[in-house]
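Engineer: Curious how this folds, go ahead:
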Amino acid sequence: MKIALSAATADIHSEIDPRFGRCSYFVIHDTETGEQENVENPGARSSSGAGIETAGFIANLGVDALITGNVGPNAYTTLEAAGIEIFAGVSGSTGEAIEACKQGKLTSTRTATVASHHGVSGAAPSPENDGTLIAVTAESNAGLDAPVGHHFGRCPYYTFVSVRDGRIINATAVENPFFNAHQPGQVPKFIHDRKAHVMIAGGMGGRAVQFFEEFGIEAVTGAFGTVQQTIDAYLGGSLTGTAPCSGGHEHGCQ
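Structural biologist: You can find the predicted model right below:
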């Protein structure tokens, strides 16, 4: 199997670059022969459409799989059409990622992990265009593969997942601007301003639940596992309702 890994530097032992379309280099590794090379990414200099250009570039290299941090919808569609298996949400060194792939420790990504090539921050997709918008607490910016955040207010990221007709359309990781400190009501307003219909978390304080009710947002707690597993459980009807945590504001649940 021939693997392409988005790389931050030309060093053969580079760290995984979280960007796909605009990463500077790719490490190309053949798992059968052990041969490895480092190639410059021409898409990094593209004025627009970097994701599609880069996807076409690695497809022409004849790779079977891609390992990266995040991948946008246009790039995802192009890669999928080329028959390239995608492993997103990966961090660490390229060497570590290759070994993890060989040992079957990586899970294929089933959808884009960011809304566009601009990264993981910014406004989430509009529910008017993408159906129901669900916000999920996340411990990383790995999109659907991120572990669910245990505490509502203190999670470092929120993954906004667009769902239409019971299917995931898009997933976008957004940094929590109130991660270090927040006042009651700030995070619910933040989620509301991004037009989410549902907020899912591991735990949530009673006041936060009340704020969401006032905003007309469905609050759900008790989530665990990955964001993908959480969305599947919610859509399947096995994850519903809230049970406010007892920690209160000092535990970041408001």
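Engineer: pLDDT weak spots in this protein?
Structural biologist: Along the chain, segments meeting pLDDT under 70 span 47-48, 114-130, 182, 244-254.
Engineer: mind giving me the domain split of it?
Structural biologist: 2-102, 127-251 (automatic domain parsing).
Engineer: okay, those in JSON lines with mean neighbour count and distance to residue 113 next?
Structural biologist: Where C-beta positions appear, they are placed from N, C-alpha and C, glycine not excepted. Formatted as JSON lines, these follow (neighbours: other CB atoms under 10 Å; distance: least, CB to CB, whole Å):
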{"stretch": "domain 2-102", "mean neighbour count": "19", "distance to residue 113": "5"}
{"stretch": "domain 127-251", "mean neighbour count": "19", "distance to residue 113": "3"}
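Engineer: Residue 52: what secondary structure?
Structural biologist: helix (DSSP: H, G, I helix; E, B strand; the rest coil).
Engineer: Relative to residue 110, which of the domains of the chain is closest?
Structural biologist: Residue 110 sits nearest to domain 127-251 of all the domains of the chain, at 7.0 Å, using CB to CB.
Engineer: for the closest one, the distance to its chain's centre please.
Structural biologist: Domain 127-251 has its C-alpha centroid displaced from the chain centroid by 13 Å (CA atoms, centre = their mean, to the nearest Å).
Engineer: In the stretch 101-250 of the chain, mark out all the strands, start to finish.
Structural biologist: Using DSSP state E, counting those that start in this stretch, the strands found in the stretch 101-250 of the chain span residues 132-138, 157-164, 167-175, 198-200, 218-220.
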